[in-house]
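Engineer: structure, please.
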Amino acid sequence: MNDKKRVAFVGLGSMGLPMAENLIRAGHAVRGFDVRAAAMETLAATGGIRSANPAEACSGADVLVLMVVNAEQARSVLLESGALSSLPQGAHICLMATCPPDEVKRLADEVEASGRVLVDCPVSGGVVGAKAGALTIMVGAPEKAYHAVVPVLQAMGDKVFHCGPEQGQGAVVKAINQLLCGVHLATAAEALALGEKAGVDAATLLEIVSNSAASSWMLKDRGPRMITKTPPVTSAVDIFVKDLGIALATGRSVSMALPLAAAAHQMFLAESGSGNGLEDDSQVIAAYRRLNGITLHKRRACSN
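Structural biologist: Numbering: from 1, shown residues only. Got it, this is the predicted structure:
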């Protein structure tokens with residue numbers, strides 16, 4: 001069996017482009033498409049092939065990787081842009097976006113009716129993981145389809161899990177992952193904002209809780225950015241508005257209450273509604289500051 005695939009890659013964003021580059025380095029033949037010309041140029045410089053549109057990228061491909069924003073964009077690429085009809089019969093489509101499980105299932109049925117196979121495989125790890133080829137990939141697909149795309153997935157992630165034989169099961173696991181990330185992030189913001197309100201030095205507080213039983217990965221990663229005046233954007237507030245919304249919808253689908261996820265969702269919504277949806281997600285702390293009357297002159301910023 002030849003593990004080197006002809007891969008069409010649609011969605012060369014901040015994560016998608018390094019993922020496509022890792023596929024090229026692993027020896028796969030990659031034809032890419034993105035609306036941004038600069039991304040296409042970078043792909044070509046790495047050894048990929050630029051395509052005029054998604055349909056051209058998919059012609060003759062074994063696998064289509066969709067690294068788009070949501071299920072709506074995936075549907076648009078597949079059905080409106082002609083990508084699905086351009087793929088050979090039996091080709092596999094790796095849907096790597098974070099999508100509601102029920103939408104993944106519906107799209108999988110449509111893809112199957114066309115004679116192709118959808119593999120539900122959302123990712124976690126962000127831009128850093130994408131660049132390092134160290135993403136966590138959660139796969140929901142029949143066993144045969146899973147094994148067919150593993151060589152492609154392993155070029156992009158070092159932790160590939162088969163979460164179940166049905167499309168949508170990978171999406172459920174990703175929703176749960178994002179539930180935990182969002183709640184941990186909102187809780188970290190709440191704790192640090194409490195320290196600011198009480199007049200505690202923010203940097204000292206962060207150092208203490210980051211090295212105690214109270215710590216979490218999100219606290220250690222986002223905490224320093226919460227107390228930095230203008231942090232770089234690595235993941236936007238609106239991402240968690242979307243992803244926690246998906247988690248809540250997943251809970252509704254199985255009649256499960258998710259009160260902590262709902263509370264975190266409201267804080268991200270508040271920050272987005274204040275016009276800051278594109279700011280770094282660590283800035284959910286600003287919603288706590290507004291809610292509690294914490295102004296910048298009343299808190300001490302981290303020195304570094």
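
Engineer: list phi and psi for residue 154.
Structural biologist: Dihedral angles phi and psi of residue 154 (degrees, to the nearest 10) take the values phi -70, psi -20.

Engineer: what's the answer for residue 199, then?
Structural biologist: As for residue 199, its main-chain torsions (degrees, to the nearest 10) stand at phi 90, psi 20.

Engineer: strands along this structure, start to end?
Structural biologist: 6-10, 29-33, 49-50, 63-66, 92-95, 117-120, 123-124, 135-140, 157-164 (DSSP state E).

Engineer: need the ones you listed in TSV with distance to residue 185 and mean neighbour count, can you?
Structural biologist: In this view, the C-beta of every residue, glycine as well, is placed from N, C-alpha and C. Rendered in TSV, the data for these read as follows (distance: least, Cβ to Cβ, whole Å; neighbours: other Cβ atoms under 10 Å):
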stretch	distance to residue 185	mean neighbour count
strand 6-10	29	26
strand 29-33	32	24
strand 49-50	37	16
strand 63-66	26	28
strand 92-95	25	27
strand 117-120	25	27
strand 123-124	14	22
strand 135-140	17	25
strand 157-164	21	18
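
Engineer: what about stretch 21-30, average pLDDT?
Structural biologist: Averaging pLDDT along stretch 21-30 yields 98.

Engineer: which residue lies farthest from the center of this protein?
Structural biologist: Most distant from the centre of the chain: residue 199, at 35.6 Å, with distances by Cα atoms, centre = their mean.

Engineer: return the residues in contact with the nearest residue to residue 139 once chain neighbours are set aside.
Structural biologist: Nearest in space to residue 139, with sequence neighbours left out and distances taken as Cβ to Cβ, 6 or more residues apart in numbering, is residue 121 at 4.6 Å. Contact analysis of residue 121 by Cβ atoms under 8 Å, 6 or more residues apart in numbering lists 94-96, 137-141, 149, 153, 170.

Engineer: between those, which sits nearest residue 5?
Structural biologist: Proximity of the contacts of residue 121 to residue 5, judged by Cβ to Cβ, is greatest for residue 149, which lies at 8.2 Å.

Engineer: please enumerate the helices of the stretch 51-200 of the chain.
Structural biologist: Applying DSSP state H, counting those that start in this stretch to the stretch 51-200 of the chain gives helices spanning 54-58, 71-75, 83-86, 101-113, 126-132, 143-153, 169-197.

Engineer: pull out the buried positions in the fourth one.
Structural biologist: With burial defined by 16 or more other Cβ atoms under 10 Å, the residues of helix 101-113 counted as buried are 101, 103-105, 107-108, 111.

Engineer: closest to residue 28 out of those residues?
Structural biologist: residue 111 (21.1 Å).

Engineer: any idea how far that closest one is from residue 145?
Structural biologist: Residue 111 sits 11 Å away from residue 145, taking Cβ to Cβ, to the nearest Å as the criterion.
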